[in-house]
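S.K.: sequence and predicted structure are below.
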Amino acid sequence: MPRVLCFGDSNTHGAPPVEVRGLYDRYDAATRWPRRMAVALGLNWEVVEEGLPGRTAVVTDPAREGYHKDGRTGLQIALESHGPLDWLVIMLGTNDVKARIEAAPRRIISGLAALVDLTLGVEMAARHPGLRVLLVCPPPVECRGVLAAEFLGGPAKSTALAPLVAGLALERGCLFLDAGQVLAVSPVDGVHFTPEGHAVLAEAVARVLMQETFNPS
């Protein structure tokens, strides 16, 4: 039974587009892309959801989010909590383009590289022999709705990420998927996915995992 860990932020958690700040909401299991992906993969697969709203790839955001939102901390905990795993799907970078964080695209890539290196290092290889990584670049954000000011300058930075993430994947021997090629963010808040977006992402990731598990290139 192949085991997949989906590691990400609010879009992996299943947060819907935000219309009112401060209200917690989450899509149900029939809507969230990791659970929909589990259905697409079939009963012989086990899928673990590890999505945390506000999680970043490269920096902590203690003033607003807390140190626990640092992807490095969360990933180490997740990798030590679950296993053995066959696949790790990482989709991060959206929160890193917030105006207050001021992370340039290449700095975000350095954070993703640290996550990959942690995953493929000697210690985790003993826990998860043969573990493979799929890096998913999130679709570019847009400055819309109640989150517009928070993501000021974010569209340009997030648009620049896809080729950099692709280059990192090639360098580290990971797989790559550009989510911006299959879905766009909601026009309501310019950050989160619609139910339709979750559905198409689930199918896209499932295709990659099934192809590379049973007919590896």
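M.R.: All right, it came through fine. Since we're looking at a predicted model, the values are computed, not measured.

S.K.: please count neighbours and contacts with C-alpha atoms only from this point.
M.R.: OK.

S.K.: residue 4: what secondary structure?
M.R.: strand (DSSP: H, G, I helix; E, B strand; the rest coil).

S.K.: need the pLDDT of it.
M.R.: Note for residue 4: predicted pLDDT of 98.

S.K.: then the one 10 residues further on?
M.R.: Among the per-residue scores, residue 14 holds a pLDDT of 98.

S.K.: excluding its backbone neighbours, what's nearest residue 97?
M.R.: Leaving out its chain neighbours, the residue that sits closest to residue 97 by C-alpha to C-alpha, 6 or more residues apart in numbering is residue 154, at 4.9 Å.

S.K.: neighbours of the one you found, just the number please.
M.R.: The local packing of residue 154 (other C-alpha atoms under 10 Å) involves 25 other residues.

S.K.: please apply the same query to residue 136.
M.R.: 24.

S.K.: same question, residue 104
M.R.: 15.

S.K.: my guess is it contacts residue 159. True?
M.R.: No: look at residue 104 against residue 159 with C-alpha atoms under 8 Å: they stay out of range, at 11.6 Å.

S.K.: and the residue nearest the centre of the chain, backbone torsions?
M.R.: Nearest to the geometric centre of the chain sits residue 91, at 1.6 Å (C-alpha atoms, centre = their mean). Backbone geometry at residue 91, expressed as degrees, to the nearest 10, gives phi -130, psi 100.

S.K.: and stretch 12-23, C-alpha only, in PDB?
M.R.: Taking Å, rounded to 0.1, in the frame of the first residue of the first chain, the C-alpha atoms of stretch 12-23 are listed here in PDB:
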ATOM      1  CA  THR A  12      -3.800  21.700   1.500                       C
ATOM      2  CA  HIS A  13      -5.800  22.200   4.700                       C
ATOM      3  CA  GLY A  14      -8.800  23.000   2.700                       C
ATOM      4  CA  ALA A  15      -9.500  26.600   3.600                       C
ATOM      5  CA  PRO A  16     -12.100  28.200   1.200                       C
ATOM      6  CA  PRO A  17     -11.800  31.700  -0.200                       C
ATOM      7  CA  VAL A  18     -11.900  34.300   2.600                       C
ATOM      8  CA  GLU A  19     -14.700  36.800   2.600                       C
ATOM      9  CA  VAL A  20     -14.600  37.800   6.300                       C
ATOM     10  CA  ARG A  21     -11.200  37.900   8.100                       C
ATOM     11  CA  GLY A  22     -10.900  35.900  11.300                       C
ATOM     12  CA  LEU A  23     -13.500  33.300  10.600                       C
END
